[in-house]
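[1] Need the 3D shape of this:
(2 chains)
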Amino acid sequence: MKDLAKKTAPATPVTVERTHDWPVYLPDVDIIERNETFELYADVPGVDPNSITVNFEQGVLTIRAGRPSAAPNTDVIYSEFEPGEYERSFTVSDQIDAAKIAAQYRNGVLVLTLPKVEAAKPRKIEVKVS
Amino acid sequence: MYGFGPRSSFFDDIHRLQREINRLFAGTVDSLRTPRFPAVNLRQNNEAVILEAEVPGVDPAQINVTVQRDTVTISGSRPAPQTAEDDVIHRQERFSGEFTRTFELPCRVDENAVKATYKNGVLTVTMPRAPEDKPKQIKVITA
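    This next block holds a predicted model:
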């Protein structure tokens, strides 16, 4: 629970216009900076793992996934979520080694691991006693 | 001349405006909303009542589903990602902790035939309607 005040720059909002009319959701995320990596956890439940795309272009990381429509032949009684799309973009500093970004989807959570470039890793300099 | 032009264009404008407003607030309203975890949909047909809950990142073994008379309750807990001493949390939007949600069912269900499945972070509870409660189609006989 520490250091919540230290926020990164706000995420780039979804500004792309679309030809279709279904809603676009911003998935909730946790971003944790560890010694050698950043980890990003995004809630994208109910999507086909093959529909997830993670794109890194010119310093912007974009995650996208489709949320399929619900079972047919049923009447909706009560609804808090609808089919649509998830999309969210983040500006990533050049501390990140883009070639080594890894993504994993498990139980509806997309976990991205963004390794830092060598120069950005914290270093401890030993003081030599002569 | 504008006058009484095509009526659709006026409604198109309203529609566009509404969409624009929705888009404008899409991010903020969502993030200000009190966390309601998990989000739930309830559906029904002649055979069953189906509950779908978005519970990403929850171990299916840790989810409890109970059906009692005319209510269904789902509960469990979701852990926050593990952090070490010198890790920095830049964002923490995802819900973590204990959750419980209870819903009233629209009809009686067969408590012994309830099935729950978990896939890609979505829990689906299928509750077959009680035999005596299923809607019956009545044939109209022509004299």
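[2] Compute the number of surrounding residues for the closest residue to chain B within chain A.
    Closest approach of chain A to chain B (Cβ to the nearest Cβ) occurs at A:G108, with a separation of 1.4 Å. C-betas here are computed from N, CA, C, even on glycine. Close neighbours of A:G108, defined as other Cβ atoms under 10 Å in any protein chain shown, add up to 23.
[3] How confident is the prediction for it, by pLDDT?
    For A:G108, the model assigns a pLDDT of 94.
[4] helices and strands of chain B: which one has the lowest mean pLDDT?
    helix B:7-32 (a mean of 66; mean pLDDT, DSSP states H and E).
[5] Helix or strand next in line after that helix, which one?
    For helix B:7-32, the following helix or strand on the C-terminal side (DSSP states H and E) is strand B:40-44.
[6] residues making contact with that following strand?
    For strand B:40-44, the surrounding residues in contact (Cβ atoms under 8 Å, 6 or more residues apart in numbering or on different chains) are A:70-71, A:74-81, B:49-54, B:74, B:101, B:103, B:106-107, B:129.
[7] Give me the buried entries from these.
    A:70, A:74, A:77, A:81, B:49-54, B:74, B:101, B:103, B:129 (16 or more other Cβ atoms under 10 Å in any protein chain shown).
[8] could those residues be laid out in TSV, adding distance to A:E87 and pLDDT?
    Shown next, in TSV, are the buried ones among the contacts of strand B:40-44 (distance: Cβ to Cβ, whole Å; pLDDT from 0 to 100):
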residue	distance to A:E87	pLDDT
A:A70	20	65
A:T74	27	85
A:I77	29	89
A:F81	15	86
B:V49	32	94
B:I50	27	94
B:L51	27	95
B:E52	22	94
B:A53	23	95
B:E54	17	94
B:I74	28	95
B:R101	27	94
B:F103	30	94
B:R129	38	93
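[9] residue at max distance from the center of chain A?
    A:S130 (48.1 Å; Cα atoms, centre = their mean).
[10] That one sits in which helix or strand?
    A:S130 belongs to no helix or strand, assigned by DSSP H and E.
[11] Could I get the contacting residues of B:F103?
    Counted by Cβ under 8 Å, 6+ apart, B:F103 has contacts A:Y78, B:V40, B:L42, B:L51, B:T71, B:V72, B:T73.
[12] From B:R108, how far off is the fifth one?
    According to Cβ to Cβ, to the nearest Å, B:T71 stands 11 Å off from B:R108.
[13] Relative to B:L105, how far out is the residue of chain B found nearest chain A?
    Nearest to chain A in chain B, going by Cβ to the nearest Cβ, is B:G121, at a distance of 1.4 Å. B:G121 sits 24 Å away from B:L105, taking Cβ to Cβ as the criterion.
[14] who's more crowded, these two?
    The neighbour comparison of B:G121 against B:L105 (other Cβ under 10 Å) goes to B:G121, with 24 against 19.
[15] can you pull the contacts of A:E33?
    A:E33 neighbours (Cβ under 8 Å, 6+ apart): B:D87, B:V88, B:I89, B:H90.
[16] What strand or helix carries the nearest residue to B:R101 once chain neighbours are set aside?
    Distances taken as Cβ to Cβ, 6 or more residues apart in numbering or on different chains place B:I74 nearest to B:R101, at 5.7 Å, with adjacent residues excluded. Taking DSSP H and E as the criterion, B:I74 maps to strand B:71-78.
[17] Run through who's touching that strand.
    Here strand B:71-78 makes contact (Cβ under 8 Å, 6+ apart) with B:37-38, B:40, B:51, B:53, B:55, B:57-58, B:62-67, B:95-105, B:123, B:125, B:127.
[18] Just the residues you listed: which are in strands?
    Counting by DSSP state E, the contacts of strand B:71-78 place B:40, B:51, B:53, B:64-67, B:97-104, B:123, B:125, B:127 in strands.
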